[in-house]
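>>> Okay, here's the prediction I keep looking at, along with the sequence it came from:
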Amino acid sequence: MRINFNYKTIITCALVALLSQSATWAQDATEATKSAATANSGEWIYYGIATSIFFILFLMTIVIFKMKAINKAETGEPVSFGKWWSVVNSKIFTKAVPVEKEEDILLDHDYDGIKELDNSLPPWWKYGFYLTIILAVIYLLRFHVFKTGPTPEEEYRTEMSMAAAQLEEYRKQSNDNVDEKTVTMADAAGIAEGKKIFGQSCFPCHGANGEGGVGPNLTDDYWLHGGRINDVFKTIKFGVPDKGMQAWEKTFSPSQIKNLASFIKSIKGTKPANAKAPQGDLFTETASVDKTGAASDSTKTK
């Protein structure tokens, strides 16, 4: 089977395909820019340009070698696809020397009858290496000389800010926007959920019933870091690193911390067996209202 290639038609079709692909890349880059809000707006554009350059060079190389193969044909007729591919493969992918000419590149090295040929590196490898050098120069100029693009640290900070904003929006939509300033006691269902969390994560240090162990007793009237629901929420959320208590804000959601704090408040006065001796300050619940009108449910005494 013989295939008659018209190089003008090939180049025209390739350019049309390239322009269509470039438009697609530009559209994708625009959509990526809108969704990422300038976090990495130029990333897809640079990938598209680099891929386009490589595609054009590769296509032009194939066409050139095809034309040479045709011109070298002794009969003047288009060569077969198999023969054309053999020429392209030997010139581009392997640059292999014919077996009958291997003596010309034979080195003097001889290891137990095994001899070495001085073959060239595959052209595709060399072209890829040259391309990495070009891209490295472009990267250096863009990010470290002209500083027209974000550094990895800047991209990280931008993405973290976006993630924080998305998390905040999610919490607002899911009614999970409670913190140590706004937390209130959970209902019975919430306290039951807090009991499950306590039984899974808190009992090693505070005992199965809150009687204390490594950590303090949670059922008496004494507290090391405040006995209001707000104080308990804050202690769970941020932890007490110098006392060995970890921060749970990355493990539990605000609503889960609320439920856990509410359960801890609910077990006051239960007097479990083997309760640990009191630690901290005596805490007394009150029903007073402060000057701002906000409810104040606690006082501290030594």
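That came through fine.

>>> where exactly do the strands run in the protein?
106-111, 114-117, 222-223, 281-289, 295-301 (DSSP state E).

>>> Just name whatever secondary elements the first one is in contact with.
What it means is strand 106-111. strand 114-117 (3 or more CB pairs under 8 Å, 6 or more residues apart in numbering; DSSP states H and E). C-beta: built from backbone N, CA, C; applies to glycine.

>>> any weak-confidence spans in the stretch 201-302 of the chain?
Within the stretch 201-302 of the chain, the segments meeting pLDDT under 70 span 287-302.

>>> That one: helices as residue ranges?
In the stretch 201-302 of the chain, the helices defined using DSSP state H, counting those that start in this stretch lie at 203-206, 229-238, 254-266.

>>> what does the longest one contact?
Read that as helix 254-266. Helix 254-266 is contacted from outside by 171, 175-179, 183-186, 190-195, 197-198, 202, 210, 218, 229, 232-233, 236-237, 248-249, 252, using CB atoms under 8 Å, 6 or more residues apart in numbering.

>>> Quick check: buried residues in that helix?
254-266 (16 or more other CB atoms under 10 Å).

>>> Grab the two from those that are most spread out in space.
Spatial extent of the buried residues of helix 254-266 (CB to CB) is set by the pair Pro254 and Ser266 at 18.5 Å.

>>> what's the first-to-last distance across stretch 89-107?
Stretch 89-107 has an end-to-end distance of 24 Å (CA to CA, to the nearest Å).

>>> Show me the domain layout of this protein.
Under the assignment automatic domain parsing, the domains of the chain span 7-152, 188-301.

>>> so who does Phe146 touch?
Counting by CB under 8 Å, 6+ apart, Phe146 has no contacts.

>>> scratch that, His109 is what I was asking about
His109 makes contacts with 115-116, as judged by CB under 8 Å, 6+ apart.

>>> Can you list the residue ranges for helices in the stretch 1-150 of the chain?
7-36, 43-72, 81-88, 123-140.

>>> what about Ala273, how many neighbours?
7 (other CB atoms under 10 Å).

>>> Can you give me the neighbour number for the closest residue to it other than its chain neighbours?
The spatial neighbour of Ala273 that comes closest, neighbours along the chain excluded (CB to CB, 6 or more residues apart in numbering), is Glu211 at 6.9 Å. As a burial measure, Glu211 scores 21 neighbours (other CB under 10 Å).

>>> What of Leu117?
Count around Leu117 with other CB under 10 Å applied: 13.

>>> just Glu193 next, same as before
The number of residues near Glu193, taken as other CB under 10 Å, comes to 19.

>>> 17 is where my numbering starts, stick with that
Got it, the first residue is 17 from now on, which makes the last one we talked about Glu209.

>>> Now do it against Gln262, distance only.
Separation of Glu209 from Gln262 (CB to CB, to the nearest Å): 20 Å.
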